[in-house]
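Engineer: What shape does this take:
(one chain, ligands or ions: 1)
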Amino acid sequence: MGEMVDFDLLDAEVLRSNGSVQEHLHQRAADVAREQFGNKVFVRGVVEISNFCRENCQYCGMRRDNSRLRRYRAECDQLAELIIGHSPESITDINLQAGEDPVAVREVAIPLIRILRQSTPLGISVCLGTLNQNLYRELRDCGASIYILKFETGTPALYSKLQAPGSFEERIGHIRRLSQEGWKVSSGFICGLPGEGDAELLENFELAARLPLDGCSVSPFIPGDETPLAASPAAAINLTLNCMAALRLTRPDLVIPAVSALNLAETNGYRRGLRTGANLATINLTPTPLRDDYLLYKRDRFIMNEEEVLAAISAENLIPSQESLAAYYAARDQAAAASTISTAPASPQQA
Ligand code: SAM
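Structural biologist: Have a look, this model is predicted:
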C-alpha cells in the first residue's frame with residue numbers, strides 16, 4: 001500500500017486488519033496527513049449549548065424519549081463571557097453543538113455568534129442538526145462558516161432502522177445544499193453501529209467519496225446507557241482507527257478530527273487517532289454544571305481539557321495550528337480560485 005489507496009483496494013479485509021497490514025495502513029495515513037497539512041493540528045473549543053432534542057436516534061442519549069435526562073439551554077451571555085474571557089489560548093475556532101433544538105439556535109447560537117464575530121477572530125463552526133433554510137442563512141449571515149452534519153451511516157436502511165434524524169435522503173440533501181450555499185461542510189459516520197456488516201462499513205466510504213465534504217469524522221459507536229442500544233457492544237478501537245486511516249487515504253484533503261470517544265474505547269486511543277491521520281483536536285469548554293447532562297452515550301464520557309489535548313499533540317510530535325480552520329478553508333478557496341484564473345485560456349482580446 002505504498003501508493004495512494006485506490007478505492008478498489010479498500011475492502012473489508014483492510015478495514016478489519018491488524019498486525020503488519022494495519023501498521024502499514026496507519027503509517028501511510030499519518031504520512032499522507034503530514035504531506036497535506038504538515039505537522040500542524042487544528043485546535044477548536046466545543047460548547048454544548050442545549051441538550052433539548054426533537055429527534056429520537058436510537059444511539060443517542062439525548063433522544064427525546066429519554067425522560068431521565070435533565071434538559072438545559074445555556075445562557076448566551078454566560079457563554080460569551082466564558083469564550084471571550086476564559087478560552088484557552090491554543091483555540092483558534094469554536095464549535096457550537098446541540099441536540100436538534102431550533103429554539104437554542106435562535107436564542108443562544110445566533111446571538112452568541114454575533115457577539116463572537118464582533119469581538120474575537122475565532123473561526124466558527126456549528127453542529128445543530130437539520131434546520132430550515134432561514135436558520136441556516138441566519139447562522140451564516142451572522143458569521144458561522146463551517147456546518148457539521150454527520151450522515152451517521154452510509155446505508156439508508158440502517159439509517160432509518162436507527163431512527164436517525166428525518167430520512168437518509170433528507171440528511172444527504174441538507175449536506176449537499178449547505179455546501180452549495182457556501183458552507184464548508186464536515187460530515188461523519190459512526191463506526192461499529194449495531195447492524196453494520198462489511199457491506200455497510202464500506203458504504204460509509206463510498207458515500208464520503210461522493211459528497212461535497214471539507215471534513216469528515218469517524219466516531220466509535222459507544223452504547224448509550226439510557227438508549228435502546230445500551231446492551232449492544234461498543235465499536236472496536238482498531239476498526240475505528242483503521243476507518244480513520246482509510247478515510248485519510250481515500251480523501252487526503254479532508255480535515256479529520258480525533259474524537260474524544262477514542263479515549264473511551266482505549267486509554268491512548270486519542271493519541272493513536274492523531275497517529276492515524278487525524279488533524280483536528282477539540283477541547284471541551286461546556287460549563288461543568290451542564291456537561292453531565294450533555295449525554296451522547298455514557299454519563300462518564302471522556303472529556304478532553306486543554307492540558308490533555310496539548311499533551312497528546314506534543315507527544316505525537318505535532319504542533320497546534322496558529323491558523324484557524326475557518327481561515328485555512330478560506331485561504332484554500334482563494335488559492336484554488338486564483339489558480340483557476342491563471343490557468344484559464346486567454347480571452348481573444350488578450351491573445
Ligand atoms: N443533533 C445534531 C445532529 O444530529 O446533527 C448534532 C448533535 S448530535 C448529539 C452529535 C453527534 O453525536 C451525532 O451526529 C452522532 O454522530 C454522535 N453520537 C450520538 N450518539 C452516539 C453514540 N452512541 N456513539 C457514537 N456517536 C454518537
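
Engineer: C-alpha from now on. contacts and neighbour counts both.
Structural biologist: Will do.

Engineer: Start from the N-terminal end of the stretch 101-250 of the chain and give the strands.
Structural biologist: 123-127, 146-148, 184-191, 215-220 (DSSP state E, counting those that start in this stretch).

Engineer: and the last one with the ligand, contact?
Structural biologist: When you say that, I think you mean strand 215-220. Yes: using Cα under 6 Å from any ligand atom, strand 215-220 reaches the ligand at S219, P220.

Engineer: Give me the neighbour count for E181.
Structural biologist: By the other Cα atoms under 10 Å criterion, the neighbourhood of E181 contains 11 residues.

Engineer: how about it, what does it touch?
Structural biologist: Contacts for E181 (Cα atoms under 8 Å, 6 or more residues apart in numbering) come out as none.

Engineer: quick revisit: please name whichever of the strands of the stretch 101-250 of the chain is nearest to A344.
Structural biologist: Judged by Cα to Cα, the one of the strands of the stretch 101-250 of the chain that comes nearest to A344 is strand 184-191, at 25.0 Å.

Engineer: Return the list of helices and strands in contact with that closest one.
Structural biologist: strand 146-148, helix 168-180, helix 198-210, strand 215-220, helix 237-250 (3 or more Cα pairs under 8 Å, 6 or more residues apart in numbering; DSSP states H and E).

Engineer: Those residues of the stretch 101-250 of the chain touching the ligand, which are they?
Structural biologist: So far as Cα under 6 Å from any ligand atom goes, the stretch 101-250 of the chain lies against the ligand at 127-129, 149-150, 152, 190, 219-224.

Engineer: hmm, 5 Å instead?
Structural biologist: Residues of the stretch 101-250 of the chain that fall close to the ligand, judged by Cα under 5 Å from any ligand atom: C127, L128, G129, L149, F221, I222.

Engineer: what sits against the fifth one?
Structural biologist: Read that as F221. So F221 contacts I190, C191, G192, L193, A234, A235 (Cα under 8 Å, 6+ apart).

Engineer: between those residues, which is closest to the ligand?
Structural biologist: Comparing the contacts of F221 against the ligand with Cα to the nearest ligand atom picks out I190 as the nearest, at 5.6 Å.

Engineer: Show me where the stretch 1-150 of the chain dips below the pLDDT cut-off.
Structural biologist: Low-confidence segments of the stretch 1-150 of the chain, defined by pLDDT under 70: 1-9.

Engineer: How many neighbouring residues does P111 have?
Structural biologist: Neighbour count for P111, taken as other Cα under 10 Å: 17.

Engineer: ok, the closest residue to it other than its chain neighbours to A144 distance?
Structural biologist: Spatially, and ignoring its direct neighbours in sequence, P111 is nearest to C76 (6.9 Å; Cα to Cα, 6 or more residues apart in numbering). Applying Cα to Cα, to the nearest Å, the value for C76 to A144 is 16 Å.

Engineer: neighbour count winner among these two?
Structural biologist: A144 (28 against 19).

Engineer: tell me the contacts of the closest residue to that one other than its chain neighbours?
Structural biologist: By the measure of Cα to Cα, 6+ apart, the closest residue to A144 outside its immediate chain neighbours is I124, 4.8 Å from it. By Cα under 8 Å, 6+ apart, I124 lies in contact with D93, I94, N95, L96, I113, G143, A144, S145, I146, A326.

Engineer: buried subset of the residues of the stretch 101-250 of the chain next to the ligand?
Structural biologist: Listed as buried from these are C127, L128, G129, L149, F221, I222; burial here means 16 or more other Cα atoms under 10 Å.

Engineer: Now distance to A338 too, for the residues you listed, in TSV please.
Structural biologist: Output for those, formatted as TSV (distance: Cα to Cα, whole Å):
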residue	distance to A338
C127	30
L128	33
G129	34
L149	29
F221	41
I222	44
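
Engineer: Tell me which residues touch the residue nearest the centre of the chain, please.
Structural biologist: When Cα atoms, centre = their mean is applied to the chain, the residue found nearest the centroid is S217 (4.6 Å). Contacts here follow Cα under 8 Å, 6+ apart; on that basis S217 touches S186, S187, G188, F189, M244, I256, P257, A258, V259.

Engineer: need those in JSON lines with pLDDT and neighbour count, can you?
Structural biologist: Converted to JSON lines, these look like this (pLDDT from 0 to 100; neighbours: other Cα atoms under 10 Å):
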{"residue": "S186", "pLDDT": "98", "neighbour count": "26"}
{"residue": "S187", "pLDDT": "98", "neighbour count": "23"}
{"residue": "G188", "pLDDT": "98", "neighbour count": "23"}
{"residue": "F189", "pLDDT": "98", "neighbour count": "23"}
{"residue": "M244", "pLDDT": "97", "neighbour count": "27"}
{"residue": "I256", "pLDDT": "98", "neighbour count": "31"}
{"residue": "P257", "pLDDT": "97", "neighbour count": "26"}
{"residue": "A258", "pLDDT": "95", "neighbour count": "28"}
{"residue": "V259", "pLDDT": "92", "neighbour count": "22"}
